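Undergrad: coords please:
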Amino acid sequence: MTIINKVIIIKIFLIFFIFLNISTLKAMNIKNSAVVFMYHKFGISKYPSTNVTIDQLDSHILELTKDKYSLQSLEYIVDTIINNGILPANTVGISIDDADKSFFTTAWPKFKENNIPVTLFVNTSTIAINNKNYLNWNQIRLLKNEGVSIGAHSHNHHHMPDLNIEEIKKEIETSNKVFLRELGEIPTLFAYPYGETNSKIIDLIKDYKFKVAFGQHSGVINETSNLYYLPRFSLNEKYGELARVKFAAQSKGLGIYDFIPVNPTPEENPPYIGFSLLDEKLSKSLDCFIFDSKGQVEKKIFKFNERIEIRLNRKLEKGRSRINCTTKGNDGYWRWFGHQFYL
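TA: Take a look at the predicted model:
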């Protein structure tokens, strides 16, 4: 073998080795991140847990319309994830739950003026001509014509995991029939009332051909996210300060897989919680926090390379509880994963 041939072979080997390492590095990191914010009411101080003040809303819009963010529709975000596309840096989506009248009178004019795409999740039982607190169908049709996307949010806004399977089907089918009658189409996006679901409900949402479904737990959407339990950052008077919005909007996804328990309504209490990281280097600084109605739940975290196992020191209280896991990557960005349980 000549010296020239040896050099060529060595170069080919080096190129292959470099390519292999780059491919492995990309496989260890997510390529997409998207933050979705969720609002309910605007300027109605009587309900601080679901309301944001007008000043808060104005500060959010002023911040999120800066060039460093990319405001996109929820449809664009989920379609890009599903089709393995690439989202712009600092992609942000806006969603509204429950069709409160203050969205129509107060918030939408501001969003519209700033060309901000919005998805409105509607629970159909409250939409009536004489309901003083919620929109009517004429207003929803007007919003739709002006560019607002409409999503499904069940019919009666029940705690869906507390219903039997036939009652859940009725909730979905009744809502679908109303949408067909009033809008001529059934939404492709679904949001669980209170962010509560379980494996049976998720299977039904798939059976009824919804493209994705959203919860109400904090976290950043990425290609490893469960498409039928996507996170959203809930904003209200307490958790709607500008500093939190900035922090969330610039956070990145935490790529995870093999999350347990699979069912958001776990059968065991306390549940055994575990997941694996795409990038095991992030495990070193990773921390997780679990909260229920009593406050923070003490826990122990065990780290086995990319595998994270969490054991709680007590049972979770009945109702909603949440886990939030965060870590700071070498790129300087915070990465955030969240999940909600319902007992």
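Undergrad: So K299 sits against R311, correct?
TA: Yes. Look at K299 against R311 with Cβ atoms under 8 Å: they come within range, at 6.4 Å. All C-beta spots, glycine's among them, are computed from the backbone N, C-alpha and C.
Undergrad: between these two, who's got more neighbours?
TA: Set K299 next to R311 and count neighbours by other Cβ atoms under 10 Å: K299 wins out with 16 against 13.
Undergrad: how about that one, what does it touch?
TA: C288, I290, I310, R311, L312, N313 (Cβ atoms under 8 Å, 6 or more residues apart in numbering).
Undergrad: Turn the buried ones among those residues into a named PyMOL selection, would you?
TA: Restricted to buried positions by 16 or more other Cβ atoms under 10 Å, the PyMOL selection for the contacts of K299 reads:
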select buried, resi 288+290+310+312
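Undergrad: out of the contacts of K299, who's nearest I186?
TA: Nearest to I186 among the contacts of K299 is I290, at 36.3 Å by Cβ to Cβ.
Undergrad: And what about that closest one, helix, strand or coil?
TA: State at I290, reduced to three classes by DSSP: H, G, I helix; E, B strand; the rest coil: strand.
Undergrad: now swap in the one 10 residues further on and tell me
TA: Three-state assignment for K300 (three-state DSSP): strand.
Undergrad: For it, which non-adjacent residue is spatially closest?
TA: Spatial nearest neighbour of K300, chain neighbours left out: R311 (5.0 Å); criterion: Cβ to Cβ, 6 or more residues apart in numbering.
Undergrad: right, and that neighbour touches P271 too?
TA: No. Using Cβ under 8 Å as the test, R311 is too far from P271 to be in contact (9.7 Å).
Undergrad: Checking my notes, F104 in a helix, right?
TA: Yes. Per three-state DSSP, F104 lies within a helix segment.
Undergrad: Just the strands from the stretch 1-150 of the chain, written as ranges.
TA: 34-39, 41-42, 51-52, 70-71, 91-97, 118-122, 149-152 (DSSP state E, counting those that start in this stretch).
Undergrad: and W137, which of these is closest to it?
TA: Of those, nearest to W137 by Cβ to Cβ is strand 118-122, at 9.6 Å.
Undergrad: Parallel or antiparallel, which strands does that closest one pair with?
TA: strand 91-97 (parallel), strand 149-152 (parallel) (DSSP bridges).
Undergrad: If you average the pLDDT over that strand, what comes out?
TA: Over the span of strand 118-122, the pLDDT mean works out to 98.
Undergrad: what angle separates that strand from strand 34-39?
TA: 50 degrees (axes from the mean of the first three to the mean of the last three Cα atoms, to 10 degrees).
Undergrad: Just the buried positions in strand 118-122, please.
TA: So, applying 16+ other Cβ under 10 Å, buried residues of strand 118-122: V118, T119, L120, F121, V122.
Undergrad: ok, now stretch 243-262?
TA: V245, A248, A249, Q250, S251, K252, G253, L254, G255, I256, F259, P261.
Undergrad: for stretch 64-82, same thing?
TA: In stretch 64-82, counting by 16+ other Cβ under 10 Å, buried: 64, 69-78, 80-81.
Undergrad: can you tell me the distance between the two ends of that stretch?
TA: End-to-end distance for stretch 64-82: 25 Å, by Cα to Cα, to the nearest Å.
Undergrad: what residues does that stretch touch?
TA: Contacts for stretch 64-82 (Cβ under 8 Å, 6+ apart): 32, 34, 36, 63, 85-95, 114-117, 119, 149, 151, 188-189, 211-212, 221-223, 225, 227, 230, 245, 249-250.
Undergrad: So for that stretch, mean pLDDT?
TA: 98.
Undergrad: now that stretch, how far from the centre of its chain.
TA: 13 Å (Cα atoms, centre = their mean, to the nearest Å).
Undergrad: and if you look at stretch 78-89?
TA: Distance, centroid of stretch 78-89 to centroid of chain: 14 Å (Cα atoms, centre = their mean).
Undergrad: can you check stretch 145-161 too?
TA: With Cα atoms, centre = their mean, you get 15 Å for stretch 145-161.
Undergrad: Numbering from 41 from now on, please.
TA: Sure, I'll start numbering at 41, so the last one becomes stretch 185-201.
Undergrad: how about the CA coordinates for it, as CSV?
TA: Provided in CSV are the C-alpha atoms of stretch 185-201 (Å, rounded to 0.1, in the frame of the first residue of the first chain):
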residue,chain,number,x,y,z
ASN,A,185,-62.7,35.3,11.4
GLU,A,186,-60.2,37.7,12.8
GLY,A,187,-57.6,35.0,13.1
VAL,A,188,-58.1,33.4,16.5
SER,A,189,-57.7,29.6,16.5
ILE,A,190,-60.4,27.6,18.3
GLY,A,191,-59.5,24.6,20.4
ALA,A,192,-61.7,22.1,22.3
HIS,A,193,-61.9,22.1,26.1
SER,A,194,-64.7,19.5,26.7
HIS,A,195,-68.3,20.4,27.1
ASN,A,196,-68.9,20.9,30.9
HIS,A,197,-65.4,21.5,32.2
HIS,A,198,-65.6,18.6,34.6
HIS,A,199,-62.7,16.9,36.4
MET,A,200,-62.5,14.4,33.6
PRO,A,201,-60.6,11.6,35.5
